[in-house]
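Engineer: Sequence and predicted model, in that order:
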Amino acid sequence: MYNLERQEQIMAILEKKKSISVKQLAQLLYVSQPTVRRDLESLSQQGKLQRTHGGVVLRKTSDAEIPLMYREDQNNEAKRIIAEKAATLIHEGDVIFLDASSTVSYLVPHLKKFRDLLVITNSPKTSIRLGEHNIKNYCTGGLLLMHSIAYVGSETEKFISGINADLFFFSSRGYTENGMITDSSGRETAVKKAMLQNAAKSYYLCDSSKRDKKYAFNVCSANDLAGIITEIDTP
């Protein structure tokens with residue numbers, strides 16, 4: 001197992017347990033305690049956790065970035081419902097932006113019924129899944145963020161700026177009471193903003209767990225969107 005993969009697993013374990021000893025982590029990951037300590041030191045330097053005597057606790061901040069492998073297993077049923085609703089907005093011939101969020105990835109199986117789509121994503125994982133369904137797609141490239149498996153940076157944004165999309169589907173960490181969509185990653189927020197700027201219609205995919213949560217970076221206002229899609233039916 002590579003260092004980054006192991007560190008993602010450590011963060012996923014901490015999201016569930018909040019605190020754990022080095023010995024317990026070593027047993028769960030089937031590695032030595034010195035290996036665990038090196039991983040913890042790296043994660044601590046990134047500000048994602050706090051070392052304690054003999055163990056570690058999850059850093060108590062809304063800006064802590066949760067690994068994609070953990071987010072994919074959260075609120076699965078809600079994400080399936082949201083993706084099903086979002087798919088009804090797609091038509092043959094559409095050019096679509098998809099961000100690298102776990103919620104948006106649930107759209108992929110719904111796209112295989114279309115014969116003529118072009119999808120642009122900054123998620124290499126989503127790009128591969130689209131290819132497996134023979135869906136024509138481009139992956140932006142750029143700097144890879146391993147915790148979210150997403151490309152970010154100036155090269156990513158430059159690629160996006162050259163494409164005009166019909167639709168943009170995206171998600172984020174939170175949606176405030178006053179309608180501001182926020183996220184914990186500044187670099188991923190910049191990519192979302194680039195896609196928003198070059199899409200005719202944008203839709204925010206938001207399960208109910210994200211409501212009334214505020215994070216460091218503002219993506220956009222609900223007023224900037226064609227709609228917000230949730231798993232809850234509203235009158």
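Structural biologist: Happy to help now that I have it. Numbering: from 1, shown residues only.

Engineer: Break down this structure into its helices, ranges please.
Structural biologist: For the chain, the helices defined by DSSP state H occupy 3-17, 22-29, 33-45, 68-71, 76-87, 102-105, 108-111, 124-132, 154-161, 186-197.

Engineer: Per-residue pLDDT of L68, please?
Structural biologist: Per-residue confidence for L68 comes out at a pLDDT of 48.

Engineer: same question but for N122, I mixed them up
Structural biologist: 98.

Engineer: my guess is it meets Y138, correct?
Structural biologist: No - using CB atoms under 8 Å, N122 makes no contact with Y138, being 10.0 Å away. Quick note: C-beta positions are derived from backbone N, CA and C, even for glycine.

Engineer: Show me which of the two is the more surrounded one.
Structural biologist: N122 (32 against 15; other CB atoms under 10 Å).

Engineer: gap between that one and S32?
Structural biologist: 36 Å (CB to CB, to the nearest Å).

Engineer: can I see the domain layout of this structure?
Structural biologist: Following automatic domain parsing, one gets these domains for the chain: 3-60, 69-229.

Engineer: okay, and the helix or strand of this structure with the least pLDDT?
Structural biologist: Least confident helix or strand, the chain: helix 68-71 with a mean of 48, by mean pLDDT, DSSP states H and E.

Engineer: any chance you could read off phi and psi for the residue most central in space within the chain?
Structural biologist: Central residue of the chain (CA atoms, centre = their mean): S101, 2.6 Å from the mean position. Main-chain dihedrals, S101, degrees, to the nearest 10: phi -70, psi 150.

Engineer: pretty sure it is touching L205, no?
Structural biologist: Yes - here S101 lies in contact with L205, judged by CB under 8 Å, at a distance of 7.5 Å.

Engineer: tell me, what's touching these two both at once?
Structural biologist: Common neighbours of S101 and L205, using CB atoms under 8 Å, 6 or more residues apart in numbering, are 170-171.

Engineer: mind putting the helices of the chain in JSON lines, distance to M146 and mean neighbour count included?
Structural biologist: Converted to JSON lines, the helices of the chain look like this (distance: least, CB to CB, whole Å; neighbours: other CB atoms under 10 Å):
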{"stretch": "helix 3-17", "distance to M146": "5", "mean neighbour count": "17"}
{"stretch": "helix 22-29", "distance to M146": "17", "mean neighbour count": "16"}
{"stretch": "helix 33-45", "distance to M146": "12", "mean neighbour count": "16"}
{"stretch": "helix 68-71", "distance to M146": "9", "mean neighbour count": "19"}
{"stretch": "helix 76-87", "distance to M146": "22", "mean neighbour count": "18"}
{"stretch": "helix 102-105", "distance to M146": "15", "mean neighbour count": "24"}
{"stretch": "helix 108-111", "distance to M146": "21", "mean neighbour count": "18"}
{"stretch": "helix 124-132", "distance to M146": "11", "mean neighbour count": "17"}
{"stretch": "helix 154-161", "distance to M146": "15", "mean neighbour count": "17"}
{"stretch": "helix 186-197", "distance to M146": "13", "mean neighbour count": "20"}
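
Engineer: I appreciate the help and will end here.
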